[in-house]
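**Student:** Got a sequence here, can you build the structure:
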Amino acid sequence: MAFTGKATYSAGALLPEIAEDVSDVIGIVSPYETPLLDALGDPLRAATSTHHEWLEDELLANKDAVSDASISSPSTETTFDVENGNRFRAGDQVQVEGAMELMFVVSVSGDAVTVIRGYGSTTPEALADGSILNILGNAALEGSDRPTARFTNRIRKGNYTQILTSAVEVSGTDLAASQLGLSDEMDYQKQERLREMIRDLENTVINGAGPISDHQGSDSVRRTMSGIVQSLSANTFEVGDSEFPSGDDLDETKINYVLRRIWENSNGNVDLIVVGGYQKRKLNSMMTALRGYSPRDTVYSDLVSIYESDFGVCKIIATRWMPQDTVLMLDSSRVNVLPLAGRSFHFKPLSSSGDYECGELIGEYTLELKNDAAHGLIRGLTTA
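**Tutor:** Now for the predicted structure:
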């Protein structure tokens, strides 16, 4: 039989080829969604250096604590030490947190504060080392000179960019052959590697850490960005902490405790609660007992996507890349994921030295996380 070059299987040379029954859709099983990046959205600007910096400021503190273990008469002591004497001025009204008594500051010398106890006919109460003092406000003398100027110093914060790369290589044969489910193997490989890189970017934004030294990196030291979990410290709470609500399970009491602390210590407006799969189910189960169903209902819903409390309205996001024992509470207006200018994800074709086409996908990004005190973190929750 003459060679025809036609694939005939076993049906004979004169019959048409039998096509394989393969759907023209390629199923991807690996997760690649990026809920947090989607919620934050695209930044309004790009970073212009490998060390991206920003300035933060805060108002003068109106809260301090007693730092005096030698108080001999808790209800009558008029002079005692505080942690930061420079926060007080003569003329301040001061109140111990949780007490009804008002005190009036007469003078300040270093960290020693002298007060009038039971000011305004209030009843003196016990004063103890570690008591929190709230400074209500200052009363100036009529016609007096201006007070000594006080101000805060702006703080310079920063984070480093991190380069994410992935190589693409397709043989000349693959480029020429007809593929199932796609029209261009090179474009398909670019798309798949890009999905992986965006997935890894979200994972790094949440969990990444910068090096202890050599932050700038070099041709032998890799530069990495600090992620959200590693960057937060002001409102970070661990299950078992003395003041944190008891229990290992996530519940509404713990959520509201952190939201209240953020509200008390900053003007942050938490609008994102970020959790993994296990803690998302815990959040849903908090509301299960409060739901009602009529006899005609045919769909059972056990889902919470928005939580509204006295301290803000929060969208709840579940991402696979969150540590399962952790909950993040973020003010999204203070969180940005920025590309280095001209270095957002792109494909760079490279020269080929053989029968293939190749290139590299490149992206360089950093995390801008402003005002630590505007965010919160819970760690150590049960995951089983």
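
**Student:** tell me which strands and helices the host helix or strand of Ile273 is in contact with?
**Tutor:** In this assignment (DSSP states H and E), Ile273 forms part of strand 272-275. Under the contact definition 3 or more Cβ pairs under 8 Å, 6 or more residues apart in numbering; DSSP states H and E, strand 272-275 sits against helix 35-40, strand 312-318, strand 327-330. To be clear about C-beta, it is placed using only N, CA and C from the backbone, and glycine gets the same treatment.

**Student:** Show the average pLDDT along it.
**Tutor:** For strand 272-275, mean pLDDT is 96.

**Student:** Kindly list the longest helix within the chain.
**Tutor:** Counting residues, the longest helix found in the chain (DSSP state H) is helix 185-207.

**Student:** how about that helix: buried residues?
**Tutor:** 185-186, 188-190, 192-195, 197-206 (16 or more other Cβ atoms under 10 Å).

**Student:** before we move on, the earlier item: nearest to Val115, of the helices and strands packed on strand 272-275?
**Tutor:** Val115 lies closest to strand 312-318 among the helices and strands packed on strand 272-275, at 36.2 Å (Cβ to Cβ).

**Student:** Now do that closest one: everything it contacts.
**Tutor:** Strand 312-318 is contacted by residues 35-36, 39, 259, 263, 269-277, 280, 283, 304-308, 329 when judged by Cβ atoms under 8 Å, 6 or more residues apart in numbering.

**Student:** Give me the secondary structure label for the closest residue to Pro245 other than its chain neighbours.
**Tutor:** Spatially, and ignoring its direct neighbours in sequence, Pro245 is nearest to Thr253 (4.6 Å; Cβ to Cβ, 6 or more residues apart in numbering). Using DSSP: H, G, I helix; E, B strand; the rest coil, the structure places Thr253 in helix.

**Student:** for the one 10 residues further on, same thing?
**Tutor:** Look at Trp263: counting by three-state DSSP, its state is helix.

**Student:** okay, it: pLDDT?
**Tutor:** pLDDT, read off for Trp263, is 93.

**Student:** What values do phi and psi take at the closest residue to Leu369 other than its chain neighbours?
**Tutor:** If the residues on either side of it in the chain are set aside, Leu369 comes closest to Ser231, at 5.2 Å by Cβ to Cβ, 6+ apart. The phi/psi pair for Ser231 (degrees, to the nearest 10) reads phi -90, psi -20.

**Student:** give me every residue that touches Ser231.
**Tutor:** If you count contacts by Cβ under 8 Å, 6+ apart, then Ser231 has 159, 367, 369, 372 around it.

**Student:** Can you add pLDDT and secondary structure and give those back as a markdown table?
**Tutor:** Below are those laid out as a markdown table (pLDDT from 0 to 100; DSSP: H, G, I helix; E, B strand; the rest coil):
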| residue | pLDDT | secondary structure |
| --- | --- | --- |
| Asn159 | 95 | strand |
| Leu367 | 96 | strand |
| Leu369 | 96 | strand |
| Asp372 | 94 | helix |
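
**Student:** I'd like the average pLDDT over stretch 44-63.
**Tutor:** Stretch 44-63 comes out at a mean pLDDT of 92.

**Student:** Now do that stretch: distance from first to last residue.
**Tutor:** 36 Å (Cα to Cα, to the nearest Å).
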